[in-house]
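Colleague: Compute the structure for the input listed below.
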Amino acid sequence: MDDLVAGPLVIPGAELVETFHTSGGPGGQHANRNETAVRLRWKIVDSAIPAPMRERLVTRLGEQIEVTASEQRSQNRNREAARDRLAELVTQALVVPKQRKKTKPTRASRQKRLSAKRAQSRKKRDRRPPGPDD
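Modeller: Reported below is the predicted structural model:
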């Protein structure tokens with residue numbers, strides 16, 4: 001089996017286990033008799049990929065990934081769909097989210113917030129009925 005390119009990572013084809021089974025669903029006798037559905041499995045923990053990538057994948061996806069494709073009537077098209085799904089999963093799991101930079105509110109935004117609070121307070125105070133000391 002060919003190697004699978006998933007973003008910056010190349011998964012050796014020897015680590016991918018492909019099994020075929022009948023797909024069921026629409027397709028009649030063809031779907032019932034031919035093993036066109038594909039189950040693609042990759043055991044991340046035993047992979048020969050770089051350790052930091054392996055650790056990131058294991059924490060986000062688990063020790064093993066399994067994808068299934070059975071939409072097409074052709075085994076080859078289902079194979080491609082399963083490989084594409086696996087590549088997409090791995091690519092998304094390897095994305096490192098950007099770190100948020102802490103920022104302080106600007107002077108103008110602080111003044112705007114305080115003036116809005118004063119206006120709200122004034123509005124509420126003006127709605128109160130006059131008290132004994134007013």
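
Colleague: State the pLDDT value of the residue nearest the centre of the chain.
Modeller: Against the mean C-alpha coordinate of the chain, by C-alpha atoms, centre = their mean, the closest residue is Gln92 at 5.5 Å. Note for Gln92: predicted pLDDT of 92.

Colleague: Check the offset of the helix or strand containing it from the chain's centre.
Modeller: Gln92 belongs to helix 75-94 when assigned by DSSP states H and E. How far helix 75-94 lies from its chain's middle: 13 Å, per C-alpha atoms, centre = their mean, to the nearest Å.

Colleague: just stretch 110-120 next, same as before
Modeller: Distance, centroid of stretch 110-120 to centroid of chain: 40 Å (C-alpha atoms, centre = their mean).

Colleague: Repeat that for stretch 90-108.
Modeller: Centroid separation between stretch 90-108 and its chain, computed with C-alpha atoms, centre = their mean, is 17 Å.

Colleague: what about it, how long is it end to end?
Modeller: Its first and final residues considered, stretch 90-108 spans 44 Å by C-alpha to C-alpha, to the nearest Å.

Colleague: Send me the lowest-mean-pLDDT helix or strand in the chain as CSV with only the CA atoms.
Modeller: Scoring the helices and strands of the chain by mean pLDDT, DSSP states H and E places helix 28-33 at the bottom, with a mean of 76. Provided in CSV are the C-alpha atoms of helix 28-33 (Å, rounded to 0.1, in the frame of the first residue of the first chain):
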residue,chain,number,x,y,z
GLY,A,28,-29.0,-4.6,-4.2
GLN,A,29,-27.2,-7.8,-4.9
HIS,A,30,-24.0,-6.0,-5.7
ALA,A,31,-23.8,-4.5,-2.2
ASN,A,32,-24.7,-7.8,-0.6
ARG,A,33,-22.3,-10.0,-2.4
